[in-house]
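[1] Mind looking at a prediction? Sequence and model below.
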Amino acid sequence: MKGMFRFLFLFCFCSVLLIPFGLHAKVSLVATTTDIKYIAEQIAGDRVEIYGMIRGVDDPHFVMTRPDFLVRLNQADILCVVGLDLEVGWVPFLQQQSRNIKIQKGQPGYCDTSVQVKILGEPTVMMDRSMGDMHIYGNPHFWNDPINVIQMAENIKNALTRVDPINHEYYDENFTNFKKRLIALTKEELKKMEPYFGIKVAVFHDQFVYLANRFKFTANLSIEERPGVPPSIRYMDQVVSYMIAEKIKIILLGPYHNPKYAEYVSSKVPGSMVLIMPVSVGGTPEATSYEETLKIMLQKIRDASDKSK
C-alpha cells in the first residue's frame, strides 16, 4: 500500500513538473463563425483544439442551435464571437445554458473580436424594431476588411495568452507572421483595385461597407428596405430607377440571402448582374481561406466591372 501511495505521489509530482514543458491538456476554443475559426487556427497552430459552430453558407444573424453546441461550449476554455450583437439571437442563450463560467462576458475565456476595431455605420438616431433588424452598435460585418482582421487576430491572441500563458511566445510569433501576410495581401489587392476606385455597386444587405471602404468603391445602395425585412415592389422599383440613373450595373449578394429580390432588380436594369459573394470562409467552395475569400470577392467585382463597360 505504501508503494502505491508513493507511486501516485511521484506521478502527480512529475505531471506538475511536465506542464511548463508543454505536456498539458490542449486549450479548447469555440468560434462562432468560419472566419474566426480560420483566424484562430493561424494564431493557435497545433496547440489548441478549435471548433467552428456554423458553416460559411450560414447566416450568422440567425442560427438554429444544436445540442452539440452546448456540449462544446460546456467544455470550452475560450469562446470567440464577432460581437456588436451580430450573434445576439443565439449565442447568449447558449452561453447561459452551457453552465461554463469561463466563457461568460467579462471572464478570461470570453473573446469579443470587435474590441478596438474601427466600427462603421454607428447609428446617429434612436432606433426601434419598426426599423428592422438594426445593429445598435454599428455594422458588424467588419471582417471583410483585412486590416480589421489583424485586430481580430490580436484579440484572439490575447485570449489565448490569458488562458494559456505558457505558449504566449508561440502565439505572438504566429500573430506577427499572420499580420505580415494580411498587410501584404491588402497592398496587393489595393494595387489591383486601383483602376476600379470609385465604382458604384448595389447590395442586397448592408454587409460590404467595410470591403468597399478599404478597397475604395461605393456600396451604399441597399435592396433591403429595412434590414431583415423583405423589400416591397415599390421600394425595389425606386432602387431600379436609381441604378439606371447612376449607371450601377453590379449587385452584391451573400450566399445565404434569397436571390429573388436582387434578380428582380437586375431584370429591370439593362446590362446588370448579380454576384454571389462568399462573404466568409467556406461561403463558396473556392473560398477555402480568408485570403482566398477576399481575393475571390474583389476579382468578381473587377470582372463584372470590365464586363459591364
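    Right, received. Where do you want to start?
[2] Find the helix or strand that residue 159 is a member of.
    helix 146-163 (DSSP states H and E).
[3] mind listing the strands for the chain?
    Along the chain, the stretches classed as strands by DSSP state E are 27-31, 48-52, 78-81, 110-112, 200-203, 218-222, 250-253, 273-276.
[4] Quick check: neighbours of the third one in the sheet, parallel or antiparallel?
    Within its sheet, and counting by DSSP bridges, strand 78-81 is paired with strand 27-31 (parallel), strand 110-112 (parallel).
[5] In this structure residue 145 contacts residue 214, no?
    Yes: using Cβ atoms under 8 Å, residue 145 is in contact with residue 214, at 4.4 Å. (C-beta placed from N, C-alpha, C; glycine too.)
[6] more neighbours, the two?
    residue 145 (23 against 19; other Cβ atoms under 10 Å).
[7] what's the spacing between that one and residue 265?
    Distance, residue 145 to residue 265, using Cβ to Cβ, to the nearest Å: 26 Å.
[8] By mean pLDDT, which helix or strand of this structure comes out lowest?
    Using mean pLDDT, DSSP states H and E, helix 2-18 stands out as the lowest-scoring helix or strand of the chain, at a mean of 39.
[9] circling back to that earlier point, let me have the strands of the chain in CSV, adding mean pLDDT and mean neighbour count as columns.
    Below are these laid out as CSV (pLDDT from 0 to 100; neighbours: other Cβ atoms under 10 Å):
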stretch, mean pLDDT, mean neighbour count
strand 27-31, 98, 25
strand 48-52, 98, 19
strand 78-81, 98, 27
strand 110-112, 98, 20
strand 200-203, 98, 23
strand 218-222, 97, 17
strand 250-253, 98, 24
strand 273-276, 98, 16
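[10] Would you check that residue 33 makes contact with residue 55?
    No: taking Cβ under 8 Å as the definition, residue 33 is not a contact partner of residue 55, at 9.3 Å.
[11] Tally up the residues packed near residue 187, please.
    10.
[12] surely residue 94 meets residue 73?
    Yes: the pair residue 94 and residue 73 qualifies as a contact (Cβ under 8 Å) at a distance of 5.7 Å.
[13] For the closest residue to residue 84 other than its chain neighbours, give me its contacts.
    Residue nearest to residue 84 in three dimensions, not counting chain neighbours: residue 140, with 3.9 Å by Cβ to Cβ, 6 or more residues apart in numbering. By Cβ atoms under 8 Å, 6 or more residues apart in numbering, the contact set of residue 140 is 82-86, 114.
[14] Kindly indicate which of the residues you listed lies nearest residue 259.
    residue 86 (22.1 Å; Cβ to Cβ).
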